[in-house]
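Asker: fold the following.
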Amino acid sequence: MNDYKAPGLALANMWVGFIAFAAAVLLGVYQVVERIDLVPALKSPELYFGSVSTHGVLMGFVLTTFLIMGYGYYTATTSLKQPLWNKPLAWFGFYLAVIGVLMAAAPLLTGNAFVLFTFYPPLVAHPTFYIGAVLLVVGSWVWCLEMIMSTMKWKKANPGETIPLAMYGTTANAIMWLFTSLGVAAEVLFQLLPWSLGLIDVGLARTLFSWTLHAIVYFWLFPAYIAFYTLMPKQAGGKLLSDQMGRLAFIMLLVISVPIGFHHLYMDPFQAAGWKFLHMTGTMLVAVPTLITGFTIIASMEIAGRLRGGKGLFGWIGKLPWNNPMVLATGLAMLMLTFGGFGGVINASYSMNVMIHNTQWVTGHFHLIFGGTTVIMYFAIAYYLWPKMTGKELHSNGMALKQLWLWFIGMLVLTLPWHQLGLDGQPRRISSTPYDAELVEKWIIPEMAMIVGGVILLISALMLVYNLYRTHGNQVAVAVPEVEYAEPVHSIARMPHLMNSFGFWVGLIIVYLVASYGYPIAQFFLMETFGAVPWSI
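Answerer: Reported below is the predicted structural model:
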């Protein structure tokens, strides 16, 4: 019996995410058109910054949070083969998060929250925006509690057994998000809400947001990695190279990714160079689990290709089932992760960051990693789970493949010109560039390419939503098999305790957090700093 599953809860969360995604992509196309004055009638700095703010919130907070929650709920029930720890509480968290989104949407859509994705002070929004953001975060904390308690419940019922890798990664992500989101929650409650009503310390607010700002990227990326390790090898017709390597990558992401946010504050005067150097070192270390994942997943794909008859050095590539959306998405995601990872090293470097700070390079890197590697795997997860959650055959596998290719092509056409524009000095976070005609003229061709890429991405996004929507109405019902989680090449007789639990790692995170953020936050209460007086906009 499969009555332990929670497809309704998972579907509800994922649909909210994908609806937000479709709206965000539409806003993104408007932004690239408006930015180069292609249609004078659309020229409006107010509308542009409102669009950027809404686009960022929908993509970075709404799509990700709801997709991750939906995927997590379904993973918890199917990998552990037990009901959720507290399903009514999970629904409460869902509705609380939806209410938060609606509350935040009101000031965004009425021009009272033009604070961009980061909503750094001294930009200020209406208090309703911040209250909505808090409710969304609290709703996600309910999900975290559900994941942790479901794992504990399973361990109690299965003493000495190895936690399934999919759930191990999901629980690691939940723990990381609890620590990660504390920064933005503290900033909103104790800085931005008071700021919207009166007075704050700008330096402290920016420091608190940095606590969340980069670690949230790995909260987004975790589901993609979980799909890499636990879904793709089986779909490719092979096995996972190593279960332990997956756990090691999850642990490293959990521990290393939280206290590294100061590389976003390199140009800020509030923190000393030594603290920035410490965070830079941690940022560079995050490349290690990425390299582990790249090696393990590509090796797993090679295993599948050779099991399917691939010969020679690269013959296995052609033998992979590229007509499977999960396999295709993984291949495309790995390519974008390679390009985006290179740009990330530039961003993290204390010296090289100076050249590209606040330029379009940063926008290109961010979209290539998040919009590219991460989001394309969200699509693959949806294509794989939708028939299982609805009991209906996917409307069109061919459309799914075309949609993935279009997303990949559109993302490259959009982001590679952004990298070039950044090196040519085009700033980000502005609505237009009406200066230095000779310099601006050099930017025309890359800017036109941006529009082409944006349109391709919009078409791809609409294809995704249409395909998933039509699946619900598909007359062809399918037997709902269990989710097929990948098996490792070598079975595990007994998993080491540190790779099957989280207590030690949670303690290590706390020590690391105190070491990285303790004094940098305490200084605002101990001495007069640059941000100790209110800033005016």
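Asker: report the distance from the host helix or strand of Gly132 to the chain centre.
Answerer: The secondary structure element spanning Gly132 is helix 127-157 (assigned by DSSP states H and E). Taking CA atoms, centre = their mean, to the nearest Å, one finds the center of helix 127-157 at 17 Å from the center of the full chain.
Asker: residues of the following helix or strand past it that come out buried?
Answerer: Using DSSP H and E, the helix or strand that follows helix 127-157 towards the C-terminus is helix 165-187. If you call a residue buried by 16 or more other CB atoms under 10 Å, then helix 165-187 has these buried ones: 165-187. To be clear about C-beta, it is placed using only N, CA and C from the backbone, and glycine gets the same treatment.
Asker: the inter-axis angle of helix 165-187 versus helix 127-157?
Answerer: Here the directions of helix 165-187 and helix 127-157 differ by 150 degrees (axes from the mean of the first three to the mean of the last three CA atoms, to 10 degrees).
Asker: output the contacting helices and strands for helix 165-187.
Answerer: Packing partners of helix 165-187 (3 or more CB pairs under 8 Å, 6 or more residues apart in numbering; DSSP states H and E): helix 64-80, helix 127-157, helix 202-213, helix 215-230, helix 243-256, helix 503-526.
Asker: quote the end-to-end distance of stretch 192-204.
Answerer: Start-to-end span of stretch 192-204 (CA to CA, to the nearest Å) is 11 Å.
Asker: rounded mean pLDDT for that stretch, please.
Answerer: Averaging pLDDT along stretch 192-204 yields 70.
Asker: returning to that earlier point: which strands and helices sit next to the helix holding Gly132?
Answerer: Using 3+ CB pairs under 8 Å, 6+ apart, helix 127-157 sits against helix 64-80, helix 87-109, helix 165-187, helix 193-197.
Asker: pipe those helices into TSV and attach distance to Leu401 per row.
Answerer: Formatted as TSV, the helices and strands packed on helix 127-157 follow (distance: least, CB to CB, whole Å):
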stretch	distance to Leu401
helix 64-80	21
helix 87-109	31
helix 165-187	24
helix 193-197	46
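Asker: my guess is Gly318 contacts Gly310. True?
Answerer: Yes - using CB atoms under 8 Å, Gly318 is in contact with Gly310, at 6.9 Å.
Asker: where does the stretch 1-150 of the chain dip in pLDDT?
Answerer: 1-6 (pLDDT under 70).
Asker: spatially nearest residue to Val345, not counting backbone neighbours?
Answerer: Nearest non-adjacent residue to Val345, counting by CB to CB, 6 or more residues apart in numbering: Ala287, 6.9 Å away.
Asker: next, that neighbour: phi, psi?
Answerer: phi -60, psi -20 (degrees, to the nearest 10).
Asker: returning to that earlier point: the more surrounded of Gly318 and Gly310?
Answerer: Taking other CB atoms under 10 Å, Gly318 and Gly310 do not tie; Gly310 has more neighbours (18 against 13).
Asker: so that one touches Pro321, yeah?
Answerer: No - Gly310 is beyond contact range of Pro321, at 11.7 Å (criterion: CB under 8 Å).
Asker: quick revisit: most tightly surrounded among the helices and strands packed on helix 165-187?
Answerer: helix 64-80 (a mean of 27; mean count of other CB atoms under 10 Å).
Asker: pull it out as PDB, backbone CA atoms only.
Answerer: Extracted C-alpha coordinates of helix 64-80, given in PDB (Å, rounded to 0.1, in the frame of the first residue of the first chain):
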ATOM      1  CA  THR A  64      12.800  27.700  -4.600                       C
ATOM      2  CA  THR A  65      11.100  27.400  -1.200                       C
ATOM      3  CA  PHE A  66       7.900  25.800  -2.500                       C
ATOM      4  CA  LEU A  67       9.700  23.500  -4.900                       C
ATOM      5  CA  ILE A  68      12.100  22.300  -2.200                       C
ATOM      6  CA  MET A  69       9.300  21.800   0.300                       C
ATOM      7  CA  GLY A  70       7.200  19.800  -2.200                       C
ATOM      8  CA  TYR A  71      10.100  17.700  -3.300                       C
ATOM      9  CA  GLY A  72      11.200  17.200   0.300                       C
ATOM     10  CA  TYR A  73       7.700  16.000   1.400                       C
ATOM     11  CA  TYR A  74       7.500  13.500  -1.400                       C
ATOM     12  CA  THR A  75      11.100  12.300  -0.800                       C
ATOM     13  CA  ALA A  76      10.400  11.900   2.900                       C
ATOM     14  CA  THR A  77       7.500   9.600   2.300                       C
ATOM     15  CA  THR A  78       8.800   7.600  -0.600                       C
ATOM     16  CA  SER A  79      12.400   7.000   0.600                       C
ATOM     17  CA  LEU A  80      11.500   6.300   4.200                       C
END
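Asker: against which helices or strands is that helix packed?
Answerer: Judged by 3+ CB pairs under 8 Å, 6+ apart, helix 64-80 is in contact with helix 7-35, helix 87-109, helix 127-157, helix 165-187, helix 215-230, helix 375-390.
Asker: for Tyr30, what are its contacts?
Answerer: By CB atoms under 8 Å, 6 or more residues apart in numbering, the contact list for Tyr30 reads 42, 51.
Asker: so which bits of whichever strand or helix holds Thr54 are buried?
Answerer: Assignment of secondary structure by DSSP H and E places Thr54 within helix 45-57. Buried residues in helix 45-57, counted by 16+ other CB under 10 Å: 47-57.
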